[in-house]
Every structure is written in C-alpha cells, then in structure tokens.
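give the three-dimensional model of this entry:
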Amino acid sequence: MSILHLLRSDCAFGGSRRAVGGLVAGWLSLGFLAASLQPSAAHAADVLVVTSGGFSAAYDQLVPLYEQATGHKIITARGASLGNAQDSIPSRLARGEQFDIVILADSGLEQLVAQGKVQEGSRVDLARSMIGMSVRKGTPKPDISSVEALKQTLLNAQSIAYSASASGTYLSTELFPRLGVAEQIMGKASRILSERVGAVVLRGDAEIGFQQVSELLPFKDLDFVGPLPDEVQQRVFFSAGIATAAPQPDVARHFIRFLASPAAAPIVRSTGMEPSAAR
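This next block holds a predicted model:
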C-alpha cells in the first residue's frame, strides 16, 4: 500500500490503531525486548528525550508501550529541528539543556554532530516524511496535484502558514523561489514559530498551511489536501542520535533501537510516515 493511500485512508485513525497498538505491545513483551535488553539497561532509568514535531505522532504512541514493557521512564521535551526559536532543539542544546536522545530532521541532526552536541556515528534513521497541505473543514480544497496547480494555489491564497522548522526552511528558501512566487506571496506567508501550523489554520489565521504530513494529520477538524507534487516534494528523514553528554547512553540506544524496529513500524506508518524498518 502506498504512503499516499495511507494518508487518505480512514484506517490510519481509529479502531485499527488500537489493534496495532496491541500487536506492538505483544511484540515488545515477547520478542524485541527479551532479545535485545542489555544488562546495563535492566534497571529502571529516566531517559531524557527532545524531539521535533515530525516524528511526534508516532513517538507519543510508542513511548507508553516502551515504558510499560521495560519500566524505564521517558521524559520528553519538544522543539523545532532548525531555527533560533527559544524552544528549538538547537537553542535548547546551545544553552546547555541536557538530554540522552535528540530526534529531529536529518539535516539538523548532522549539524548537531558537527557542533559536537551529538555523538558521531550514533545517528539512526527512524522514518521518512513528506510535506503536505491542509485547510479548514468546510472550505474549498485547493488543487496542488501538479506543480502548476500548486503555484496557482499559492498565488490565489489569501494567507499561507508554514513551519519554522525543516519543511518551512525548504519552502521559503528553495521551493517558493523555484516556483517564482517568493516575492508575490511575501506579504501573506507567515513562518510559524513554536506552534503547529495546523493550529494556526484551525483558528482561521491562515487559509492554507504547509508542514510535515505527520504533523498535519492529527488535526481532525482540518481537511488534509495531500502531499506536495513529487517533482517538488522534499522527503526528510527524521533521525535519532545520542547526545554527547547523555546521562543514560545505553538505555537511550535501546530505546532508539525499538523506535527503528519492525515492531514499531505499523504505528509509524499509521501516522503518515514511511518507517525506516520498511526500507
């Protein structure tokens, strides 16, 4: 089944998710954890994680399953992959906040490795995501099925919201100039800091909103229009790494192995992402 089919399928939300959760919980207790739990991770520990929004929909479902099966406690902070917002992941690490694991867009992770904030060689790809667009329910769904249609939708929109993180950086610095609309939409396009784009569209502060598909789908009062056309789509890996000063590196590695494992793949896929285990 294609990612696009999954994005437009009602089975991605609802009863089937509960069934998937039960299946993953069974795999956790009977298979993955029994086979991979190391002696250093056998006692309960607090694991400090900072994650960007792209992987959050899957992460929020997987964390309680892992905690229940292992006894470890996952303590989570959140922020954008890129940018200088006060709560962005780069800003948090720059001011010395301590974490075991960082989860963010691959480009942001590589920057943190280069800065010495994340251990070199610790990167594990968790899932691949695409950029999509949503509008409020009951409003017309603009056409973005082709590059030309996307261009016209941007020009016709009264207001546009896009993320301040990886997807928005791509849109504002690469895609909008490539489409030749950067100057025309400058006065009506807003870069959203420290908030989901879906929330802005839901309030009516923007007519259309662009963000990672996995961050738009949880907004049930929005209509997900679809992903960007393939010709201009940016497929981003969301990846995990071990912080250089991680207090619990062994347990952190174990948790990352679970997030990237086939056991976690059904839930990751249900949120509109392609799990790394499927590649």
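
the closest residue to residue 233 other than its chain neighbours: what's it in contact with?
In this structure, residue 233 finds its nearest non-sequential neighbour in residue 130, 5.7 Å apart by Cβ to Cβ, 6 or more residues apart in numbering. C-beta here means a position set from N, CA and C on the backbone, and glycine is covered the same way. Contacts for residue 130 (Cβ atoms under 8 Å, 6 or more residues apart in numbering) come out as 3, 212-213, 227-228, 233-236, 272.

which residue is nearest the middle of this structure?
residue 54 (1.1 Å; Cα atoms, centre = their mean).

and this protein, what are its domains?
3-128+237-278, 131-232 (automatic domain parsing).

lowest-confidence stretch among the ones you listed?
With a mean of 81, domain 3-128+237-278 has the lowest mean pLDDT of the domains of the chain.

distance between it and the chain's centre?
Taking Cα atoms, centre = their mean, to the nearest Å, the mean C-alpha location of domain 3-128+237-278 is offset from the chain mean by 10 Å.

my reading is that residue 112 lies in a helix. Confirm?
Yes. Counting by DSSP: H, G, I helix; E, B strand; the rest coil, residue 112 is part of a helix.

how much space between the residue lying closest to residue 228 once chain neighbours are set aside and residue 72?
Closest residue to residue 228 apart from its sequence neighbours, by Cβ to Cβ, 6+ apart: residue 131 at 5.1 Å. From residue 131 across to residue 72, the span is 33 Å (Cβ to Cβ, to the nearest Å).

could you do residue 119 as well?
Distance from residue 119 to residue 72, by Cβ to Cβ: 20 Å.

repeat that for residue 232.
The spacing between residue 232 and residue 72, counted by Cβ to Cβ, is 41 Å.

one more: residue 125?
Distance from residue 125 to residue 72, by Cβ to Cβ: 22 Å.

also residue 114?
30 Å.

give me the more crowded residue out of the two.
When neighbours are counted by other Cβ atoms under 10 Å, residue 72 comes out ahead of the other of residue 114 and residue 72, with 20 against 10.

quick check: closest non-adjacent residue to the more buried one.
Per Cβ to Cβ, 6+ apart, closest to residue 72 is residue 45, 5.3 Å.

quick one: residues contacting the one you found.
72-73, 248, 251.

neighbours of residue 141, how many?
Residue 141 has 15 neighbours, counted by other Cβ under 10 Å.

isn't it right up against residue 208?
No. Using Cβ atoms under 8 Å, residue 141 makes no contact with residue 208, being 9.7 Å away.

between those two, what contacts are shared?
Common neighbours of residue 141 and residue 208 (Cβ under 8 Å, 6+ apart) are 135, 225.

tell me which helix or strand residue 210 sits in.
strand 208-212 (DSSP states H and E).

outside of that strand itself, list whatever touches it.
Residues contacting strand 208-212 (Cβ under 8 Å, 6+ apart): 53-54, 129-135, 142, 153, 157, 159-163, 166-168, 171, 196-198, 200-201, 216, 222, 225, 228, 236.

is there a quick PyMOL command that grabs whichever of these are buried?
In PyMOL, this line selects whichever of the contacts of strand 208-212 come out buried by 16 or more other Cβ atoms under 10 Å:
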select buried, resi 53+54+129+130+131+132+133+134+135+142+153+157+159+160+161+162+163+166+167+168+171+196+197+198+200+201+216+222+225+228+236
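
where exactly do the strands run in the stretch 101-250 of the chain?
101-105, 124-129, 131-136, 160-163, 189-192, 208-212, 222-227, 236-242 (DSSP state E, counting those that start in this stretch).

reformat those as a markdown table; add distance to residue 182.
What follows is those, written out as a markdown table (distance: least, Cβ to Cβ, whole Å):
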| stretch | distance to residue 182 |
| --- | --- |
| strand 101-105 | 22 |
| strand 124-129 | 24 |
| strand 131-136 | 17 |
| strand 160-163 | 12 |
| strand 189-192 | 9 |
| strand 208-212 | 14 |
| strand 222-227 | 21 |
| strand 236-242 | 21 |
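
still on that earlier bit, and the residue nearest to the centre of the chain, backbone torsions?
Dihedral pair for residue 54: phi -60, psi -40, per degrees, to the nearest 10.

so residue 188 touches residue 158, yeah?
Yes. With contact defined as Cβ under 8 Å, residue 188 counts as touching residue 158 (6.6 Å).
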